[in-house]
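Peer 1: Build me a structure from this.
(one chain, ligands or ions: 1)
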Amino acid sequence: MGVYDRFIGPALIACACSAGPISRQREKVVPLASGEVLELGMGAGANLPFYNKAQVTGVFAVEPNEFMRRRALAVAAETDLPVTLVEGVGESLPYEAGRFDCVVCTYTLCTVHDVAKTLAEARRVLKPGGRFLFCEHGRAPDEDVYRWQRWIEPLWKPIGGGCHLTRRPAAAIRDAGLNTRWQEQFYLPGTPRPMGWTEWGEATV
Ligand SMILES: C[S@@+](CC[C@H](N)C(=O)[O-])C[C@H]1O[C@@H](n2cnc3c(N)ncnc32)[C@H](O)[C@@H]1O
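Peer 2: Predicted coordinates for the structure are as follows:
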């Protein structure tokens with residue numbers, strides 16, 4: 001892995017992930033988490049300030065990138081949340097079945113190698129009735145925006161650490177057998193439309 005993928009890319013992604021409109025999306029989803037929580041691809045820990053400490057008993061997370069893990073641990077040290085962060089990927093979670101009350105997945109399904117495997121793993125580690133809270137960007141419903149996404153994606157992926165623009169997160173969550181309780185979607189304000197189509201909500205096992 002080169003210097004860009006190890007340091008520069010992650011630093012840019014961490015910066016983009018703390019932008020105002022994205023933080024407002026986190027506010028819509030992360031405070032709903034409760035009990036034992038697993039975050040998929042914690043990145044630089046941008047969700048940590050948004051957890052409701054009164055209802056979360058522990059935050060566990062996997063994150064493959066070392067630079068991101070170091071940043072996330074620094075953020076974790078400033079919260080009084082019990083955070084356990086390990087090197088790992090969503091496709092192969094190091095936890096027993098039925099371990100968690102909630103899985104939180106924000107801006108990660110765009111980047112994982114295998115969306116279906118990651119969601120199958122999330123489903124496996126959730127308790128019966130457990131909740132999958134998500135906020136993801138993906139394929140726009142408008143044909144002209146989708147055309148732009150298809151053109152941009154091959155250039156965007158290497159810059160964005162493997163981020164895809166044309167995945168369909170809410171559909172993938174349904175296809176994984178999770179039951180969507182509620183879902184909302186829009187073009188993220190202040191963001192170019194090809195990068196801005198956002199889907200968020202809650203699904204259960
Ligand atoms: C755009 S960042 C989002 C980080 C964080 N979820 C957030 O909301 O700020 C995507 C993250 O997914 C991580 N990632 C990449 N491949 C992954 C995989 N297979 N499983 C889990 N996380 C992965 C990246 O290292 C990166 O930290």
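
Peer 1: Only C-alpha atoms from now on, for both contacts and neighbour counts.
Peer 2: OK.

Peer 1: Around residue 84, how many other residues sit close by?
Peer 2: 13 (other Cα atoms under 10 Å).

Peer 1: Kindly report the residues of the protein close to the ligand.
Peer 2: Proximity of the chain to the ligand (Cα under 6 Å from any ligand atom) is limited to residues 13, 17, 40-43, 46, 63-65, 68, 89-91, 106-108, 111-113.

Peer 1: so what's residue 202 closest to, chain neighbours aside?
Peer 2: Among residues not flanking residue 202 along the chain, residue 133 sits closest, at 4.6 Å (Cα to Cα, 6 or more residues apart in numbering).

Peer 1: The one you found belongs to a strand?
Peer 2: Yes - counting by DSSP: H, G, I helix; E, B strand; the rest coil, residue 133 falls inside a strand.

Peer 1: Check which residues of the longest helix seen in the chain are buried.
Peer 2: In the chain, taking DSSP state H as the definition, the longest helix is helix 143-159. Neighbour-count burial for helix 143-159 flags 145, 146, 149, 152, 153, 156, 159 (criterion: 16 or more other Cα atoms under 10 Å).

Peer 1: for stretch 106-114, same thing?
Peer 2: Buried residues in stretch 106-114, counted by 16+ other Cα under 10 Å: 106, 107, 108, 109, 110, 111, 112.

Peer 1: Settle this for me: the third one is touching residue 41, isn't it.
Peer 2: Going back to what we said before, that points to residue 108. Yes - in this structure residue 108 lies within contact range of residue 41 using Cα atoms under 8 Å: 5.9 Å.

Peer 1: Show which residues not belonging to stretch 14-21 make contact with it.
Peer 2: For stretch 14-21, the external contacting residues (Cα atoms under 8 Å, 6 or more residues apart in numbering) are 23, 43, 44, 46, 68, 188, 189, 190.

Peer 1: Now the terminal residues of it, how far apart.
Peer 2: The first and last residues of stretch 14-21 sit 14 Å apart, counting by Cα to Cα, to the nearest Å.
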